[in-house]
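Asker: curious how this folds, go ahead:
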Amino acid sequence: MNSLFDEIKLLTFDEETASRAIVRLRECGCCTRCILRFLCVKEASPYRMVDSRTTIEQLMGLQDLVEISNEQPKESTDGAGTNEGRVGLDKNTESGLCIACLGVLQEQYCKRSFLEEIREVVSKQDFEYRAFFCSLSLPVCLLLREHSLWVVLNELQPSIFNEDFRNKIIPVKDVWKWVNGSQLANILGVPFDQKSTFAISLTFVHPSTEHECSFLYNLCPNVFQKRKHNRHGWEVFNRANVLKAIQNTTIKKFKSVYHCPPRKLSSPCDCDPIKCLREAVYVAGRYNKFSRQLSQTPWFVDGVKRFETSVEELICKPILDLFKASEYKFSASGREDVDVRMLGNGRPFVIELINPRRVIFTPEQLLALQLDVNSSTTAVKVHDVQIVAKEETSILKEGEEEKIKRYRALCWTKDMLCDEHLNKISNLGNIVVHQKTPIRVLHRRTLAVRDRAVHSMSASKIDDHHFHLYLSTQAGTYIKEFVHGDFGRTVPNLAIILGTECDIVELDVEAVELDWPKSLGIDYKN
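Answerer: Next up is the predicted model:
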């Protein structure tokens, strides 16, 4: 059997240096896989071959350097380098808990029974997937321990185990995936793929983390001034700030505040409940609203829901049920008031489905979903329902105020209408109106004056006091206020233009001119 040392050709030092590093790391209390990590072995196979019968020297193909084992070990501040703690080259089994990975790369979490436990959890959570990857979260104290052991190697031979070498140490996460990824794939019956949208989340924790990191707060107070909020509450120490503190601390200073090598612990990491996570799926379409008593989103006033349902709820519930998502976020290209209908080709919308369990659908199934939504209510209809890429969803918000919207308004005038009034409207052409935040929305929008363009207008008389007003405007224009003036807060307004008091009776949105999502060419009205 050829030497892995020769085949891998990844170690940048000779056999004697490698053997000295192996002996020193073993003395400190590192497991076989962590020793391979610290030797920067990038090939997965040696990590998988680790067992109780094979020494690391055999894995690496290194000669048995008896003279090294006869040398006196260096004294350590915590007794890790004493003769009692020394493991000779002929020692096959690992002794106790690894001080580097705290058990993550040892038998407890690298044996088939643990992988079977993962399979059972995945099965119970009922996700649909064609590939998977594992997302590992590790205690941040492992960063300190890894740095501490690098300091030990640096003392052994500074010219080789330098700063550049430290950055090449293989991460614990990578090794765990190399050891368990293919075996877990066989158990689950689907490939392990780092690009998969389905993740099995493993969170390893250790009770000593906060205690081990506590010295950093005084060592680098500026780094730990801001605390990050996560699902567990406020955390002081995270991967980013601990790494920054380490990088800003000299070896000499680090040795004065932290044990090198790190102290041995008696208990391994615990694994929090295993979770399955799926990247969000985005469902887009267009909706029409035919009711004048329906809000776009759930409307609450003082904690009380004003309307029984909403456009959002009518559309999203069937979609949420089909995709079996944990929750959703609804967005649309603008909004219409409760008493305004959305006609024409409809308003574009997108639903972000969070952690969906079902994601694989045929066009026929999505069409059936669309029909399901439409048959459940007469107030709302949807069409062109389709799954879209996350990158596409930005189209909904890009140039939000540059989009053009077309409206039809039923208006009333105090004075009798004449042809001169209608001609004034039609001859106005493109005008800019200055709109101070309307009184009716002042409770939720900042007080400001906004300039909006009215691109074109025309009118058709109904009777002496009523007419239909047709407008094409810049998105974001307050149409009701443009008609009645909002006590002079919108200028010019239709009341000023016609020279008579005006008000709006009914308003319909006839078009939102946004060519997205793509048309599926299906007659959704049938």
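
Asker: nearest residue to the residue most central in space within the chain in space, ignoring adjacent ones along the chain?
Answerer: Among the residues of the chain, the one closest to the centroid is residue 279, at 7.4 Å (Cα atoms, centre = their mean). Once flanking residues are discounted, residue 279 sits nearest to residue 197: 4.0 Å by Cβ to Cβ, 6 or more residues apart in numbering. (Glycine included, C-beta is placed from N, CA and C.)

Asker: same thing with residue 48?
Answerer: That would be residue 179: by Cβ to Cβ, 6+ apart, it lies 5.6 Å from residue 48.

Asker: please identify the helix or strand for that neighbour.
Answerer: helix 172-188 (DSSP states H and E).

Asker: could you list every helix and strand in contact with that helix?
Answerer: Secondary-structure packing of helix 172-188 (3 or more Cβ pairs under 8 Å, 6 or more residues apart in numbering; DSSP states H and E): helix 32-38, helix 44-48, helix 112-125, strand 133-137.

Asker: highest average neighbour count across these?
Answerer: Ranked by mean neighbour count under mean count of other Cβ atoms under 10 Å, the helices and strands packed on helix 172-188 are led by helix 32-38, which reaches a mean of 27.

Asker: make sure residue 151 is actually in contact with residue 250.
Answerer: No. Counting by Cβ atoms under 8 Å, residue 151 stays clear of residue 250, with 10.4 Å between them.

Asker: more neighbours: which of these two?
Answerer: Neighbour count, other Cβ atoms under 10 Å: between residue 151 and residue 250, residue 151 has more, with 20 against 8.

Asker: which ones are touching the residue nearest to that one when sequence neighbours are not counted?
Answerer: Nearest residue to residue 151, sequence neighbours excluded (Cβ to Cβ, 6+ apart): residue 260, at 4.6 Å. Contacts for residue 260 (Cβ atoms under 8 Å, 6 or more residues apart in numbering) come out as 77, 148, 149, 151, 152, 155, 254.

Asker: what about 6 Å?
Answerer: By Cβ atoms under 6 Å, 6 or more residues apart in numbering, the contact list for residue 260 reads 148, 151, 152.

Asker: just those: which are in helices?
Answerer: Mapping the contacts of residue 260 onto helices (DSSP state H) picks out 148, 151, 152.

Asker: which single one of these is nearest to residue 308?
Answerer: residue 148 (62.2 Å; Cβ to Cβ).

Asker: name the element residue 154 belongs to?
Answerer: Using DSSP H and E, residue 154 sits in helix 141-156.

Asker: which other residues reach whichever helix or strand comes after that helix?
Answerer: Downstream of helix 141-156, the first helix or strand assigned by DSSP H and E is helix 163-166. Residues from elsewhere that reach helix 163-166 (Cβ under 6 Å, 6+ apart): residue 150.

Asker: quick one: helix 163-166 to chain centroid distance?
Answerer: Put simply, helix 163-166 sits 31 Å off its chain's centre (Cα atoms, centre = their mean, to the nearest Å).

Asker: list the buried residues for it?
Answerer: Buried residues in helix 163-166, defined by neighbour count with 16 or more other Cβ atoms under 10 Å: 165, 166.

Asker: neighbours around residue 438, how many?
Answerer: 15.

Asker: does it touch residue 478 like I think?
Answerer: Yes. Using Cβ atoms under 6 Å, residue 438 is in contact with residue 478, at 5.4 Å.

Asker: off-centre distance for the helix holding residue 179?
Answerer: Helix 172-188 sits 23 Å away from the centroid of its parent chain (Cα atoms, centre = their mean).

Asker: how about residues contacting it?
Answerer: Contacts of helix 172-188 (Cβ under 6 Å, 6+ apart): 33, 37, 44, 47-48, 101, 104-105, 110, 115, 119, 134, 136, 138, 191-192.

Asker: could you give the angle of that helix to helix 141-156?
Answerer: Angle, helix 172-188 to helix 141-156, by axes from the mean of the first three to the mean of the last three Cα atoms, to 10 degrees: 130 degrees.

Asker: okay, the angle between helix 172-188 and strand 133-137?
Answerer: For helix 172-188 against strand 133-137, the angle by the same axes, to 10 degrees is 140 degrees.

Asker: following element in sequence after helix 172-188, please.
Answerer: Trace forward from helix 172-188 with DSSP H and E and the next one is strand 198-205.

Asker: what sits up against the helix or strand that that next one is followed by?
Answerer: Proceeding N to C from strand 198-205, the next assigned helix or strand is helix 209-213, under DSSP H and E. Here helix 209-213 makes contact (Cβ under 6 Å, 6+ apart) with 139, 141, 144, 237.

Asker: with stretch 497-510 instead?
Answerer: Contacts to stretch 497-510, defined as Cβ under 6 Å, 6+ apart, come from residues 336, 340-344, 406-415, 421, 424, 479-480, 483-484, 494-495.

Asker: please pick the buried ones from those residues.
Answerer: Neighbour-count burial (16+ other Cβ under 10 Å) applied to the contacts of stretch 497-510 gives 336, 340-344, 406-409, 411-413, 421, 424, 479-480, 483-484, 494-495.

Asker: contacting residues around residue 408?
Answerer: For residue 408, the contacting residues are 470, 508, 510, by Cβ under 6 Å, 6+ apart.

Asker: of the residues you listed, which belong to strands?
Answerer: 470, 508, 510 (DSSP state E).

Asker: the closest residue to residue 162 other than its chain neighbours: neighbour count?
Answerer: Nearest non-adjacent residue to residue 162, counting by Cβ to Cβ, 6+ apart: residue 154, 7.1 Å away. By other Cβ under 10 Å, 18 other residues sit near residue 154.

Asker: since that was my last question, I'll sign off now.
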